[in-house]
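Quick one, structure for this:
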Amino acid sequence: RPATASSTENAGTPASAAVDGNTGTRWSSLFSDPQWIQVDLGSSTPICRVGLNWEAAYGSAYQIQISDNASSWNTIYSTTTSTGGNQSVDVTGTARYVRINGTARATQWGYSLWELSVFGNGNGDPSVPPTDPRNPDLGPNTYVVSPSTPQSEFQGRLNQIASQQHTNQFGNERYAVLFKPGTYNADVNLGFYTQVAGLGLLPDQTNLNGHVRVEADWLQQGDDPNNKGNATQNFWRSAENMAVHLPAGQVERWAVSQAAPY
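The predicted structure follows:
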């Protein structure tokens, strides 16, 4: 997250170096009191712990402060007996900004932090909306099918995903189609980065009459553009935990190379 500070010792020790996850870089201040470093969490967020990995030039007295506007601050922790080193401080508060306000240096040098870490309690991350644990929102790329879902609806969704992922070998898209226990008529043509699975405790609690297949029909082999019977790059797809009943007299094709468990 973005970090700012009251001062920096030089261009090689900016505030950002204390929040970059690299314990080989650090923020250090000018050689005077007080000095501060603050981090912007992006939005008001519950926090439960602050980690301070001090360099040899540490603060013997400092405060942990929080704010929603970066102008008025509330102190949630204070010490005048810090011994430096790697510290983990339990705190309670909700705010957008967290500031370490140093009021006394332990050495003649400034304040110097290898890392400043802020930990949330998991109950207030604004990027994760609340969800019902018995009817969770799994996101737009996870499609859950139940026996009450119209066959035309889920087959249409399967066809749409198959068409998009047919040649999408290095794409960023990811899909899961999950079938609740029941019996379904479906033709599942699995493309790249697609999972199909049953949600029963046992595989045969989800019964699919039709196919779960992978075809070798997209990668040209040799100079003939019509010769696409090549499965050597059919990767990254999976099917699991369901019983598939093939139509009479038909066979199943699982034309894959690797990373494609059935």
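
What pairs with the helix or strand hosting residue 47, parallel or antiparallel?
Assigned by DSSP states H and E, residue 47 belongs to strand 35-54. Within its sheet, strand 35-54 is paired with strand 3-5 (antiparallel), strand 86-105 (antiparallel), strand 112-120 (antiparallel), according to DSSP bridges.

can you give me the mean pLDDT across it?
Across strand 35-54, pLDDT averages out at 94.

what lines up beside whichever helix or strand comes after that strand in the sheet?
Remark: after strand 35-54, the chain's next helix or strand is strand 59-67, criterion DSSP H and E. Strand 59-67 has the following strand partners under DSSP bridges: strand 74-79 (antiparallel), strand 86-105 (antiparallel).

buried stuff in the longest one?
Which is strand 86-105. Buried residues in strand 86-105, counted by 16 or more other Cβ atoms under 10 Å: 93, 95-103, 105. Glycine gets a C-beta too; all of them are placed from N, C-alpha and C.

Nearest spatial neighbour of residue 260, chain-adjacent residues omitted?
Spatial nearest neighbour of residue 260, chain neighbours left out: residue 237 (5.1 Å); criterion: Cβ to Cβ, 6 or more residues apart in numbering.

which residues does that neighbour contact?
The neighbours of residue 237, taking Cβ atoms under 8 Å, 6 or more residues apart in numbering as the test, are 190-195, 214, 256, 259-260.

Show the buried residues in the residues you listed.
Among those, the ones that count as buried by 16+ other Cβ under 10 Å are 190-195, 214, 256, 260.

just those now: which is nearest residue 84?
Nearest to residue 84 among the buried ones among the contacts of residue 237: residue 193, at 47.7 Å, using Cβ to Cβ.

quick one: that closest one and residue 90, what's the gap?
Computed as Cβ to Cβ, to the nearest Å, the residue 193 to residue 90 distance reads 41 Å.

again, but for residue 132
On the measure of Cβ to Cβ, residue 132 and residue 90 end up 31 Å apart.

do residue 161 as well
In terms of Cβ to Cβ, residue 161 sits 46 Å off from residue 90.

do the same with residue 21
Distance from residue 21 to residue 90, counting by Cβ to Cβ: 22 Å.
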